[in-house]
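S.K.: Sequence plus the predicted model coming up.
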Amino acid sequence: MMKRVFTAAAMGCLFCLLCMTVSAQLINELDINPGSTDQPCEYVELRGTPGAIIENVHFVAFEGDAIPSGTADFVVTFGSPGPAFGSNGLIVITGTVACGTRTYPPGTTRLQTALLDTSNGLENGTISFLLISSATAITPATDYDTDNDGTLELLPADAVILDAVAWTDGGAGDLTYGGVVLNATGGTIGAATRFSDNTNPRSGAAWYGGAMTGANDATTYSSTIRTLNFPTAGALTPGAPNIGTTPNDAVVDFNGDGMTDYAVTRPAAGVGSQLTWFTQLRGGSPRTPQQWGISGDQVISGDFDGDGRDDVGVFRSSNATFYIINSSTQTIRIDPFGQVGDDARVVGDYDGDGRDDVAVYRSGPQSAWFYKTSEDGNIKSILWGEAGDFPSPGDYDGDGKFDFVVQRAEGSVGRFYLRFANGNFDIRTLGLSTDQIVPGDYDGDGKTDLCVVRDNAGGFLDWEFLSSVTGSAVIDEWGVAATDFIAQGDYDGDGKTDYSVWRPGSPGRFYTMTVGDRRIFSKLWGETGDTPVARYNTY
């Protein structure tokens with residue numbers, strides 16, 4: 001269907017001409033395919049600082065269904081002066097015709113357009129929604145990706161993408177834009193909601209979505225067609241604050257359900273042979289075995305494309321290159337970074353945008369951390385550590401950014417030196433200098449805890465972590481020292497890292513004990529000669 005443009009100046013509303021503050025703006029909620037007929041219940045919701053204006057910004061829906069992908073189907077331009085966000089921080093764009101019995105809170109700025117009264121509203125199927133800052137016009141019905149390569153190369157020179165979200169119906173040759181693609185099981189997404197506590201722009205982890213069910217003014221998502229991270233009681237809230245908080249960000253979580261998955265890698269015979277990944281989704285079925293990387297590579301997993309799911313990846317130290325499969329698009333990313341001999345087990349979110357950054361740790365008389373921000377590709381470095389130190393990456397202060405932490409042997413004592421992302425410093429003592437380092441959020445407060453594992457006199461493993469809640473050390477025994485691989489992760493999705501080991505065998509088995517209540521469960525997976533993917537998060 002052909003789409004049209006309207007401007008903020010054409011909407012039936014009063015603009016707040018006296019508002020002087022310009023806020024960060026985000027896409028907050030979208031309903032493009034209500035349960036029955038699109039019109040007149042489609043809407044777009046934006047989020048910003050209450051009372052702040054939005055100007056020289058364009059909301060654009062880009063066509064993604066094969067040729068002509070990249071066409072600006074639907075454009076809303078907020079000129080200067082623009083409208084103000086309501087007292088609840090929301091702007092909702094609706095049609096002019098009543099949507100059933102739906103009403104909007106008085107604290108919401110409502111802008112109306114007749115274009116959402118008809119079937120010529122928002123495209124269904126494969127579609128991308130971008131919020132773009134530019135003093136230059138974004139012209140409707142214009143193809144901004146003339147070579148159909150997935151890049152909007154004809155956007156104005158001053159254009160900055162403030163936020164983006166997209167989804168696809170799986171058509172051959174379809175394209176999405178903005179770098180954030182949501183995926184639902186069982187069908188095509190028709191609506192999406194930003195998690196109320198997640199303001200990371202251009203992050204798939206900030207969203208849940210699915211198809212809609214019921215009448216066209218219903219706010220109920222389908223129980224079968226939805227993203228895997230769908231929260232309890234998730235629903236549309238047109239013109240009102242959103243429902244649902246961001247699920248747990250578990251390590252080695254390939255389907256985005258907030259639980260660590262059972263995953264191992266298996267090398268074929270011979271030096272430089274291919275690695276095969278075997279994964280049993282914690283909240284689902286086994287995945288088809290996947291060949292990626294070669295023996296000798298450092299196995300990594302992280303959400304590099306921001307879709308809320310960890311990506312399969314390796315770092316090849318011999319040529320200092322990352323090889324990653326983006327889970328959102330199943331495209332391959334080859335990224336030369338660092339130098340031969342670097343350690344890539346420090347990948348994480350260093351800039352706080354909700355996406356993991358490629359990163360390496362380089363040991364030396366003055367050790368250094370190097371990372372490339374996922375938003376703009378800038379390379380940054382921090383000098384921290386010295387020869388003989390071991391890195392212990394994580395977010396130790398809970399600000400959403402990875403910190404720079406090393407363990408240093410000082411006699412028999414393990415001393416940790418912390419440099420936080422905000423520039424503050426700390427020194428903490430935990431365990432022995434020979435302990436394995438196994439960072440994680442063991443007390444579930446959203447902060448990484450220092451944690452170490454050592455062999456005890458009985459031949460078992462002692463886990464000791466320093467709780468960031470109480471400041472006290474907690475010690476538990478779990479695993480067999482002679483055989484087990486450490487594989488810590490959040491296997492039950494409660495937001496706490498669990499004590500977990502993988503024991504080789506035919507078959508192998510994961511053994512997990514939860515922190516606090518000490519619930520025990522296990523999973524047969526893998527075989528002797530495999531390595532658990534979570535093992536690569538230890539030192």
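M.R.: Alright, I've got the coordinates.
S.K.: Now do the nearest residue to residue 459 once chain neighbours are set aside: how many residues are near it, please.
M.R.: Nearest residue to residue 459, sequence neighbours excluded (CB to CB, 6 or more residues apart in numbering): residue 481, at 5.3 Å. All C-beta atoms are positioned from the backbone trio N, CA, C, and that covers glycine. Using other CB atoms under 10 Å, residue 481 has 16 other residues around it.
S.K.: Would you mind confirming that residue 481 is in contact with residue 455?
M.R.: Yes. Assessed by CB atoms under 8 Å, residue 481 is found in contact with residue 455 at 3.9 Å.
S.K.: shared neighbours of these two, anything?
M.R.: residue 461 (CB atoms under 8 Å, 6 or more residues apart in numbering).
S.K.: Show me where this structure dips below the pLDDT cut-off.
M.R.: 1-23, 67, 119-120, 270-271, 283, 375 (pLDDT under 70).
S.K.: Now do the helices for it: every range, in order, please.
M.R.: Here the chain has no helices by DSSP state H.
S.K.: Quick one: distance of stretch 264-282 to the chain centre.
M.R.: In terms of CA atoms, centre = their mean, to the nearest Å, the centre of stretch 264-282 is found 25 Å from the chain centre.
S.K.: what do you get for stretch 383-403?
M.R.: 20 Å.
S.K.: what about it, start to end distance?
M.R.: One end of stretch 383-403 to the other measures 12 Å (CA to CA, to the nearest Å).
S.K.: Return the set of buried residues in that stretch.
M.R.: 384-385, 389-397, 400-403 (16 or more other CB atoms under 10 Å).
S.K.: again with stretch 529-539
M.R.: Buried-residue list, stretch 529-539, by 16+ other CB under 10 Å: 530-539.
S.K.: what does stretch 463-476 give?
M.R.: 463-468, 474.
S.K.: Show me how far it is from its chain's centre.
M.R.: 28 Å.
S.K.: try stretch 409-419
M.R.: 32 Å.
S.K.: if we can go back for a sec, closest one of the buried residues of stretch 529-539 to residue 170?
M.R.: residue 533 (27.6 Å; CB to CB).
S.K.: so what's the nearest residue to the closest one once chain neighbours are set aside bridging to?
M.R.: Nearest non-adjacent residue to residue 533, counting by CB to CB, 6+ apart: residue 263, 4.1 Å away. On the basis of DSSP bridges, residue 263 is bridged to residue 279.
S.K.: try residue 372
M.R.: residue 358, residue 379.
S.K.: Could you verify my assumption that it touches residue 356?
M.R.: No. Assessed by CB under 8 Å, residue 372 is found out of contact with residue 356, at 10.7 Å.
S.K.: Looking only at neighbour counts, state which of these two leads.
M.R.: residue 356 (25 against 19).
S.K.: Which residues does the closest residue to that one other than its chain neighbours form beta bridges with?
M.R.: Closest residue to residue 356 apart from its sequence neighbours, by CB to CB, 6+ apart: residue 302 at 3.4 Å. As for beta bridges, residue 302 partners with residue 311 under DSSP bridges.
S.K.: Kindly provide the distance from residue 302 to residue 24.
M.R.: Distance of residue 302 to residue 24, computed by CB to CB, to the nearest Å: 25 Å.
S.K.: Surely residue 410 is in contact with residue 430?
M.R.: No. Counting by CB under 8 Å, residue 410 sits too far from residue 430 to count as a contact (11.9 Å).
S.K.: Compare these two and say which is more crowded by neighbours.
M.R.: Per other CB under 10 Å, whichever of residue 410 and residue 430 has more neighbours is residue 430, with 20 against 10.
S.K.: what's near enough to touch that one?
M.R.: By CB under 8 Å, 6+ apart, the neighbours of residue 430 are 414, 416, 450-452, 464-466, 473.
S.K.: wait, which of those is closest to residue 379?
M.R.: residue 416 (26.2 Å).
S.K.: Just the ones of the buried residues of stretch 383-403 in strands?
M.R.: Counting by DSSP state E, those place 390-391 in strands.
S.K.: Tabulate the buried residues of stretch 529-539 (JSON lines), appending distance to residue 84.
M.R.: Formatted as JSON lines, the buried residues of stretch 529-539 follow (distance: CB to CB, whole Å):
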{"residue": "530", "distance to residue 84": "58"}
{"residue": "531", "distance to residue 84": "55"}
{"residue": "532", "distance to residue 84": "52"}
{"residue": "533", "distance to residue 84": "48"}
{"residue": "534", "distance to residue 84": "48"}
{"residue": "535", "distance to residue 84": "52"}
{"residue": "536", "distance to residue 84": "49"}
{"residue": "537", "distance to residue 84": "46"}
{"residue": "538", "distance to residue 84": "51"}
{"residue": "539", "distance to residue 84": "51"}
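S.K.: Hmm, residue 427 is touching residue 414, no?
M.R.: No. Judged on CB under 8 Å, residue 427 makes no contact with residue 414 at a distance of 11.6 Å.
S.K.: Comparing these two, which residue is more hemmed in?
M.R.: A direct count of neighbours by other CB under 10 Å for residue 427 and residue 414 places residue 414 higher, at 24 against 9.
S.K.: Can you tell me, leaving aside adjacent residues, what's nearest to that one?
M.R.: Using CB to CB, 6+ apart, the nearest residue to residue 414 is residue 431, at 4.5 Å.
S.K.: That neighbour: what's it in contact with?
M.R.: 414, 452, 454, 464.
S.K.: Take these and keep only those in strands.
M.R.: Using DSSP E, the contacts of residue 431 in strands are 414, 452, 454, 464.
S.K.: The third one and residue 437 touch, don't they?
M.R.: No. Using CB under 8 Å as the test, residue 454 is too far from residue 437 to be in contact (10.8 Å).
S.K.: between the two, which one's more packed in?
M.R.: Neighbours of residue 454 and residue 437, each counted by other CB under 10 Å, are more numerous for residue 437; the result is 23 against 15.
S.K.: hey, what's that one bridged with?
M.R.: residue 452.
S.K.: what do you get for residue 92?
M.R.: The residues that residue 92 bridges to, once DSSP bridges is applied, are residue 45, residue 110.
S.K.: So it sits against residue 105, correct?
M.R.: No. Using CB under 8 Å, residue 92 is not in contact with residue 105; the gap is 9.5 Å.
S.K.: Quickly list what's touching both of these two.
M.R.: residue 239.
S.K.: Could you check which of those two has the larger neighbour count?
M.R.: Comparing residue 92 with residue 105 by neighbour count (other CB under 10 Å), the higher total belongs to residue 92, at 21 against 16.
S.K.: tell me the contacts of the more buried one?
M.R.: So residue 92 contacts 43-46, 104, 108-111, 238-239 (CB under 8 Å, 6+ apart).
S.K.: could you dump those to CSV with neighbour count and distance to residue 515?
M.R.: Converted to CSV, the contacts of residue 92 look like this (neighbours: other CB atoms under 10 Å; distance: CB to CB, whole Å):
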residue, neighbour count, distance to residue 515
43, 26, 43
44, 25, 43
45, 24, 39
46, 26, 40
104, 17, 44
108, 19, 42
109, 26, 45
110, 20, 47
111, 21, 49
238, 21, 40
239, 22, 41
